[in-house]
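Trainee: A predicted structure for the sequence below; I have some questions about it.
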Amino acid sequence: MCIRDRYMGVEANTQSFFDKHVDDITAIDVHPDGVTVVTGELGPKPTIYVWSSETMMPLHVLKGGVIKGIATVAFSLSGARIAAACIDDNHTIAVFDLRVGALEGTERGDTAIISELRWKDDRDFVTVGPKHFKAWTAENKAFRSKRGVFGNANNLLVTAAFNNEDCLVGASNGELQIWMGANMTKALPIHTAGIDALYVDVNYILTGGKDSKVNFLDRTNYAVLLSVSIAESVKLSRCPKVRSVCLARDGKTMLVGTFGSEIFEVSTKDAKITKTTKFATPRDIIRGHYTPNAKWTNEVWGLAIFNDGKRFATCSDDGTLRIWSVQNKRLLEVFDLNTDKDGNPLEPDKKTGDLVDSAKGRSLSISPDDGTIAVGCKDGTVRIVNARTLEHVTIFKNRGAWISEVKYSPSGDLLAVGSHEAFIDVYLVPSYKKKFSVKKHSSYITHIDWSENSANLQSNCGAYELLFWDVSTGQQLPGGATMLRDERWATWTCVLGWPVQGIWPPNADGTDINSVDRSKNPHPGGYYVLAAGDDSSRVRLLRYPSLKKGSEATVGRGHSSHVTTVRWGTDDQTLFSTGGEDNCVFQWKVAASK
């Protein structure tokens with residue numbers, strides 16, 4: 001993410017997108033002019049783009065010399081050159097001359113991982129990483145490098161920056177190391193956990209650490225002038241460990257990026273930084289779902305729209321239920337799912353230290369009166385939350401596996417729950433006593449829809465079955481496809497069925513499409529519109545019914561992981577999508593074609 005000077009678009013919560021990449025964007029840097037951006041991607045033969053953050057158009061398309069993906073990329077001091085480190089076995093270094101837009105040359109980096117590359121000027125740069133430090137000179141299309149000498153210092157390096165001739169390096173133990181050439185001259189223990197962020201300002205050096213602190217250092221002697229606790233300054237943060245930091249030109253306003261997928265602005269009235277300076281009045285620029293346990297990735301699956309059309313809700317493996325504003329495109333409230341019914345925190349998983357699966361939300365449904373939210377969790381727990389007070393109404397567990405679907409009936413007096421144990425359980429509302437359970441599917445339940453009169457259900461499973469149910473008797477309708485062929489369904493989210501045959505691309509194996517949703521009302525052309533989210537990171541729009549396999553679609557790109565869920569807003573002009581491992585929530589504007 002690149003935030004323009006003075007946060008253009010932040011007040012309106014609008015974003016612009018550079019959409020030329022075809023794979024995950026893994027590296028980014030900003031030119032000294034503050035406008036030009038360079039980004040690199042994953043892939044066997046990745047592309048590096050240099051582009052304008054004003055026009056969102058490419059200025060240079062750099063290919064060749066780079067393989068398997070870009071780990072880090074950086075502009076030289078004048079912006080005339082860029083260097084990139086790859087993620088191949090040799091962590092190849094490539095240097096490009098932007099004056100001619102061409103590759104100058106490549107060189108083997110190291111067998112050790114390279115996490116950061118930073119230029120000292122237009123000739124010299126360094127690369128750092130776990131057990132890696134190299135000082136480089138790139139001149140006349142030739143490379144020279146010298147391996148760093150650590151001595152007894154910590155060699156698990158994370159990030160780097162230059163303060164004139166000094167190379168500053170953040171280490172995993174909280175040390176700020178000072179290097180001259182390839183020699184480490186000083187190690188300053190200024191954080192109690194790893195330093196992930198370094199920023200050199202005109203007057204100060206800022207360091208950000210996993211101890212949730214930002215330190216202000218004197219540029220001449222590296223004395224700590226001020227230590228700011230982000231945990232104390234920003235109470236809204238779900239995980240205040242500092243990932244990135246930047247000081248505005250006025251020297252009074254600071255942007256802090258956290259491991260909680262958050263960017264906050266904090267400010268001070270002091271003209272000069274002293275030990276008594278206070279950074280306060282936090283403003284959230286962006287907040288989102290994140291990965292609490294760095295050992296594996298978090299996924300976002302739960303997505304539901306409030307019937308008032310003003311809000312929507314999401315949940316994920318980070319143990320939160322989040323309420324968002326449709327109009328303001330901003331997070332409104334966060335409810336902690338990692339609690340029992342009385343609000344007491346749950347103990348972490350004893351084996352992994354991660355959140356327990358009963359806190360990880362995987363499916364959502366909002367009652368027709370917008371009064372309650374049903375959350376299906378990864379371990380089979382169902383949580384019912386008061387949507388107005390954000391308190392637990394009740395918590396129950398009748399299954400031992402992922403609750404992949406929860407759906408309130410249009411009448412509001414029933415809740416259908418589908419699990420990875422292949423059961424569909426229907427509960428009475430508001431008592432949440434079980435009405436009936438059925439297990440006729442051959443595999444885990446994926447999708448459920450109610451008929452408009454709340455009398456019938458249709459469901460899909462992982463074995464590619466479409467089954468139908470009579471809710472009054474709790475019995476399967478073996479001839480349901482014929483019996484209910486004229487049934488009016490309140491929603492259509494099943495990926496299998498007569499009107500969605502055309503969503504499947506050629507050679508699809510049945511797992512390619514994770515979610516569909518039919519628009520609430522017909523398109524001006526007289527047909528409904530079907531949204532589909534797939535494993536290729538795409539959100540597609542098709543005519544409904546879609547009967548011809550491989551039907552033409554309008555494609556929206558932006559997610560860098562499988563799209564888990566898509567849902568229309570109440571006005572059919574807004575579409576929402578969630579990404580699995582990218583942890584992203586997208587809000588799309590859908591305009592009728594002329």
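Mentor: Arrived safely, thanks for sending.
Trainee: my read: Ser519 touches Asp572, true?
Mentor: Yes - assessed by C-beta atoms under 8 Å, Ser519 is found in contact with Asp572 at 4.5 Å. In this view, the C-beta of every residue, glycine as well, is placed from N, C-alpha and C.
Trainee: Need the residues touching each of those two.
Mentor: Val529 (C-beta atoms under 8 Å, 6 or more residues apart in numbering).
Trainee: Between these two, point out the one with more neighbours.
Mentor: Between Ser519 and Asp572, counted using other C-beta atoms under 10 Å, Ser519 has the larger neighbour count: 21 against 17.
Trainee: Phi and psi next, for Ile230.
Mentor: Backbone torsions of Ile230, given as degrees, to the nearest 10, read phi -70, psi -30.
Trainee: For it, give me its contacts.
Mentor: Counting by C-beta under 8 Å, 6+ apart, Ile230 has contacts 212-214, 237, 240, 242, 256, 258, 264.
Trainee: how near is the closest residue to Asn307 other than its chain neighbours to Gly412?
Mentor: Excluding the flanking residues, the one nearest Asn307 by C-beta to C-beta, 6 or more residues apart in numbering is Asp370, at 5.4 Å. As judged by C-beta to C-beta, to the nearest Å, Asp370 and Gly412 stand 10 Å apart.
Trainee: tell me the contacts of Thr127?
Mentor: Residues in contact with Thr127 (C-beta under 8 Å, 6+ apart) are 85, 93, 109-110, 114, 116-117, 133-134, 136.
Trainee: and if you look at Gly533?
Mentor: Contacts of Gly533 by C-beta under 8 Å, 6+ apart are 513-516, 539-540, 562-566, 577.
Trainee: Could you check how far the residue nearest to Asn307 is from Ser411?
Mentor: With C-beta to C-beta as the criterion, Asp370 and Ser411 are 15 Å apart.
Trainee: Where does pLDDT dip in the protein?
Mentor: The model of the chain has pLDDT under 70 over residues 1-12, 593-594.
Trainee: For it, which segments count as helices?
Mentor: Shown for the chain, the helices assigned by DSSP state H span residues 230-233, 480-483.
Trainee: Kindly compare burial across those helices and name the winner.
Mentor: Highest mean neighbour count among these (mean count of other C-beta atoms under 10 Å): helix 230-233, with a mean of 18.
Trainee: And for Tyr464, nearest residue in space, chain neighbours not counted?
Mentor: Tyr464 sits nearest to Gly510 (C-beta to C-beta, 6+ apart), 4.9 Å away.
Trainee: Actually, His132.
Mentor: Using C-beta to C-beta, 6+ apart, the nearest residue to His132 is Ala112, at 4.0 Å.
Trainee: how about that neighbour, what does it touch?
Mentor: Contact analysis of Ala112 by C-beta under 8 Å, 6+ apart lists 91, 129-132.
Trainee: can you rerun that using 10 Å?
Mentor: 91, 127-134, 155, 157 (C-beta atoms under 10 Å, 6 or more residues apart in numbering).
Trainee: same deal with His447?
Mentor: 404-405, 407, 418, 458-461, 466, 491-497, 514-516.
Trainee: How about Gly181?
Mentor: In this structure, Gly181 makes contact with 124, 126, 135, 146, 148-149, 165, 167, judged by C-beta under 10 Å, 6+ apart.
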